[in-house]
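Peer 1: Show me how the following folds:
(one chain, ligands or ions: 1)
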Amino acid sequence: MTSVLSVASEVFPLVKTGGLADVTGALPLALEPLGVSVRTLMPAYPSVMAELGDAEPVAALPDLFGGPARILSVHHAGLDLLLLDAPHLFDRPGGPYVGPNGYDHPDNWARFAALGKAAAEIGLGLIAGYRPDIVHAHDWQAALAPVYLDAAGGERPRSIITIHNLAFQGAFPQTIFPELGLPETFWGIDGVEYYGSVGFLKGGLRAADRITTVSPNYAGEILQPAGGMGLDGLLRGRANRLVGIVNGIDTSVWDPATDPHIAASFTRDDLFRRSLNKRALEAEFSLEEDESPLLAVVSRLTWQKGLDILADCVDDVVAAGCRLVVVGSGDRLLEGAFLSGAARHSGRVGVRIGYDELLSHRVQAGADALLVPSRFEPCGLTQLYALRYGCLPVVSRVGGLADTVIDANFAALAASAATGIVFAPVTREALLDGLTRLTRLYADAPTWRDIQRSAMSSDVSWTASARRYADLYSSLSEESTR
Ligand SMILES: Nc1ncnc2c1ncn2[C@@H]1O[C@H](COP(=O)(O)OP(=O)(O)O[C@H]2O[C@H](CO)[C@@H](O)[C@H](O)[C@H]2O)[C@@H](O)[C@H]1O
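Peer 2: Residues are numbered from 1 along each chain as shown. Predicted coordinates:
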């Protein structure tokens with residue numbers, strides 16, 4: 001049995017701001033039947049302590065970046081959790097990364113260096129009777145775990161870092177370097193130094209024994225200057241250590257046949273029941289009730305997601321006879337652009353600014369198509385939920401979107417393989433062209449239903465990808481420490 005310590009700043013269902021949490025919450029469950037036992041280390045934020053504060057203390061770190069910390073152990077939602085209880089770093093209002101004023105917590109460097117340091121200490125035997133074979137760090141917040149393991153030298157677990165989003169690199173001023181407690185030699189190109197700053201992700205990518213990212217196509221894109229966000233040189237140098245494994249989704253949480261959060265359950269064999277969800281969604285967003293295509297967005301509203309391009313097209317979408325619902329939050333200008341679109345087109349466009357997990361289920365169940373015009377997308381999960389719910393994804397041909405959606409071109413339609421619309425490049429013209437193709441297909445009801453059935457038959461589960469992680473873990477744990 002391979003033993004893995006997974007390290008992340010967010011884990012579904014406890015704390016989620018995006019797709020990272022879905023992955024760190026679901027992957028351990030998919031690995032268990034494959035003989036991989038995963039313990040997950042995450043910060044004990046106030047909401048986590050409120051729910052699980054009576055967890056059992058299993059280790060102490062008397063001085064972790066300016067205060068005492070404990071490691072608590074608890075089982076929750078099928079996960080074997082280790083909580084990093086460090087009140088001086090995590091017991092405060094706000095979100096995991098941002099304070100109530102909307103700005104990053106000023107000591108984020110210490111908060112997440114502490115997460116990496118605690119992970120390394122656990123990897124090296126801090127908890128009596130527990131010594132993982134692998135420490136698997138997710139994104140910049142956990143990226144110092146491989147660095148501290150590397151710095152410790154000697155016998156140590158193997159390390160993996162997974163890039164969920166290269167845009168967030170955890171860069172901090174050089175002045176914090178002495179506080180990290182790393183050897184002087186780690187200030188340099190082979191350590192955490194990145195153009196004169198401390199780069200958490202950069203350090204993790206340098207130190208980890210393996211690097212993974214969340215789709216094969218994105219693994220290729222980040223080796224190019226256009227997709228590498230300044231790290232492509234380093235990544236090219238380590239390309240033989242890099243692998244792309246496409247994300248899955250938790251198909252028990254996202255199952256239209258049993259979903260308790262939608263108006264009417266349905267399967268690929270009784271798709272007519274789906275229209276009850278469409279009616280419910282129209283009512284919820286005060287939209288006119290009709291049979292025109294109902295398009296949807298569920299997303300962080302950011303440049304990455306290309307939603308400024310969609311915001312520019314709202315009038316065209318309505319002119320083409322479609323309706324649109326948008327659920328999301330983020331960039332204030334984008335929020336305003338969609339809200340003003342809704343004000344201009346009352347009854348045709350509905351917008352909900354905010355984050356609402358259950359509403360996202362109702363949208364996937366009721367909308368006809370989900371729009372994901374991302375400029376870059378390491379994998380993307382919403383298009384996977386959409387496939388599962390017969391809500392046809394309209395995606396740009398980038399990253400994991402290109403790996404997971406089969407465009408309804410002539411050949412794919414003839415082979416009954418199409419599962420959505422894929423457009424390129426990421427421009428207003430190409431998006432509108434994709435939407436024109438969509439409305440034509442929608443008008444042809446039998447073809448539309450065929451595509452929905454193919455979409456719903458796509459394997460979006462974790463099964464195949466969990467196997468790939470299990471194989472990676474077992475081959476890596478057999479390698480000896482450098
Ligand atoms: N307003 C809202 N209300 C409710 N739910 C909302 C919401 N806004 C977003 N969500 C949910 O948040 C998640 C977003 O996941 P994505 O994978 O699509 O993107 P994200 O950029 O966060 O993740 C990063 O990490 C993941 C995981 O590896 C990669 O798939 C992705 O490409 C990468 O950018 C989905 O579960 C979605 O339903």
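Peer 1: residues from the stretch 101-250 of the chain in reach of the ligand?
Peer 2: Residues of the stretch 101-250 of the chain lying close to the ligand by Cβ under 6 Å from any ligand atom are His164, Asn165, Val214, Asn247. Where you see a C-beta, it was placed from the backbone N, CA and C, and this is true even at glycine.
Peer 1: got JSON lines for these, with pLDDT too?
Peer 2: What follows is those, written out as JSON lines (pLDDT from 0 to 100):
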{"residue": "His164", "pLDDT": "98"}
{"residue": "Asn165", "pLDDT": "94"}
{"residue": "Val214", "pLDDT": "98"}
{"residue": "Asn247", "pLDDT": "98"}
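Peer 1: okay, those in TSV with distance to Gly204, neighbour count and secondary structure next?
Peer 2: As requested, these are arranged in TSV below (distance: Cβ to Cβ, whole Å; neighbours: other Cβ atoms under 10 Å; DSSP: H, G, I helix; E, B strand; the rest coil):
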residue	distance to Gly204	neighbour count	secondary structure
His164	12	23	coil
Asn165	13	21	coil
Val214	15	27	coil
Asn247	19	25	coil
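Peer 1: Widest-spaced pair of these?
Peer 2: Within those, Asn165 and Asn247 form the most distant pair, 12.1 Å apart (Cβ to Cβ).
Peer 1: Which parts of the stretch 101-250 of the chain are strands?
Peer 2: For the stretch 101-250 of the chain, the strands defined by DSSP state E, counting those that start in this stretch occupy 134-138, 158-163, 171-172, 193-194, 197-199, 210-213, 242-244.
Peer 1: right, I mislabeled it, should have said the stretch 351-482 of the chain
Peer 2: Under DSSP E, counting those that start in this stretch, the stretch 351-482 of the chain gives strands at 369-372, 392-396, 421-423.
Peer 1: right, and the ones you listed - which one's nearest the ligand?
Peer 2: Nearest of the strands of the stretch 351-482 of the chain to the ligand, taken as Cβ to the nearest ligand atom: strand 369-372 at 7.5 Å.
Peer 1: contacts for the closest one?
Peer 2: 293-299, 305, 310, 363-364, 380, 382-383, 385-386, 391-396, 401, 420-421, 431, 438, 442 (Cβ atoms under 8 Å, 6 or more residues apart in numbering).
Peer 1: which of those come close to the ligand?
Peer 2: Residues of the contacts of strand 369-372 in contact with the ligand (Cβ under 6 Å from any ligand atom): Val298, Ser299, Gly380, Thr382.
Peer 1: Filter these down to the ones in helices?
Peer 2: Per DSSP state H, helices hold the following members of these: Thr382.
Peer 1: hmm, which two among the ones next to the ligand among the contacts of strand 369-372 are most spread apart?
Peer 2: Farthest pair in those (Cβ to Cβ) is Val298 and Gly380. Separation: 11.3 Å.
Peer 1: Of those two, which one has the most company?
Peer 2: Neighbours were counted for Val298 and for Gly380 using other Cβ atoms under 10 Å; Gly380 has more, 30 against 26.
Peer 1: Up against the ligand, what does the stretch 251-400 of the chain have?
Peer 2: Within the stretch 251-400 of the chain, the positions lying close to the ligand (Cβ under 6 Å from any ligand atom) are 298-300, 327-329, 355-357, 360, 377-382, 400.
Peer 1: any residues in contact with both of Asn165 and Asn247?
Peer 2: Counting by Cβ under 8 Å, 6+ apart, Asn165 and Asn247 have no contacts in common.
Peer 1: Quick check: Arg70 touching Leu64?
Peer 2: No - with contact defined as Cβ atoms under 8 Å, Arg70 does not count as touching Leu64 (9.5 Å).
Peer 1: okay, Met1: pLDDT?
Peer 2: Listed pLDDT for Met1 reads 88.
Peer 1: residues in contact with it?
Peer 2: Gly35, Val36, Ser37.
Peer 1: next one: phi and psi at whichever residue of the stretch 51-200 of the chain sits closest to the ligand?
Peer 2: For the stretch 51-200 of the chain, the residue closest to the ligand is His164, as judged by Cβ to the nearest ligand atom, at 3.6 Å. Dihedral angles phi and psi of His164 (degrees, to the nearest 10) take the values phi -90, psi -30.
Peer 1: Dump the strands of the stretch 351-482 of the chain to CSV, plus mean pLDDT and distance to Leu5.
Peer 2: Shown next, in CSV, are the strands of the stretch 351-482 of the chain (pLDDT from 0 to 100; distance: least, Cβ to Cβ, whole Å):
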stretch, mean pLDDT, distance to Leu5
strand 369-372, 98, 32
strand 392-396, 98, 34
strand 421-423, 98, 37
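Peer 1: Could you chop this structure up by domain?
Peer 2: 2-248+463-477, 271-457 (automatic domain parsing).
Peer 1: And the shortest one, end to end?
Peer 2: Looking back up the chat, that one is domain 271-457. Domain 271-457 has an end-to-end distance of 13 Å (criterion: Cα to Cα, to the nearest Å).
Peer 1: ok, now the longest one?
Peer 2: Looking at domain 2-248+463-477, the gap from its leading to its trailing residue is 8 Å under the measure Cα to Cα.
Peer 1: out of the strands of the stretch 101-250 of the chain, which comes closest to Gly336?
Peer 2: Closest of the strands of the stretch 101-250 of the chain to Gly336 is strand 171-172, at 28.9 Å (criterion: Cβ to Cβ).
Peer 1: Average pLDDT for the closest one, rounded please.
Peer 2: On average, the pLDDT along strand 171-172 is 98.
Peer 1: Which other helices and strands does that strand contact?
Peer 2: When contacts are defined as 3 or more Cβ pairs under 8 Å, 6 or more residues apart in numbering; DSSP states H and E, strand 171-172 packs onto strand 197-199.
Peer 1: who's in contact with the strand it packs on?
Peer 2: Contacts to strand 197-199, defined as Cβ under 8 Å, 6+ apart, come from residues Trp109, Gln169, Gly170, Ala171, Phe172, Pro173, Gln174, Ile176, Phe177, Leu180, Val192, Glu193.
Peer 1: Tell me which entries of these lie within helices.
Peer 2: Mapping these onto helices (DSSP H) picks out Trp109.
Peer 1: May I see the buried residues of stretch 188-201?
Peer 2: For stretch 188-201, the neighbour count (16 or more other Cβ atoms under 10 Å) marks Gly191, Val192, Glu193, Tyr194, Ser197, Val198, Gly199, Phe200, Leu201 as buried.
Peer 1: The third one is in contact with Trp187, isn't it?
Peer 2: Yes - taking Cβ under 8 Å as the contact criterion, Glu193 and Trp187 are neighbours in contact, 5.3 Å apart.
Peer 1: Give me the common contacts of these two.
Peer 2: Joint contacts of Glu193 and Trp187 (Cβ under 8 Å, 6+ apart) are Gln174, Phe177.
Peer 1: low pLDDT regions in the chain?
Peer 2: Applying pLDDT under 70 to the chain flags residues 480-482.
Peer 1: Can you give the distance from stretch 98-105 to the centre of its chain?
Peer 2: Distance, stretch centre to chain centre, for stretch 98-105: 21 Å (Cα atoms, centre = their mean, to the nearest Å).
Peer 1: got the end-to-end distance for it?
Peer 2: By Cα to Cα, the extent of stretch 98-105 from end to end equals 5 Å.
Peer 1: Contact partners for Ala430?
Peer 2: By Cβ under 8 Å, 6+ apart, the residues touching Ala430 are Ser396, Phe423, Ala424.
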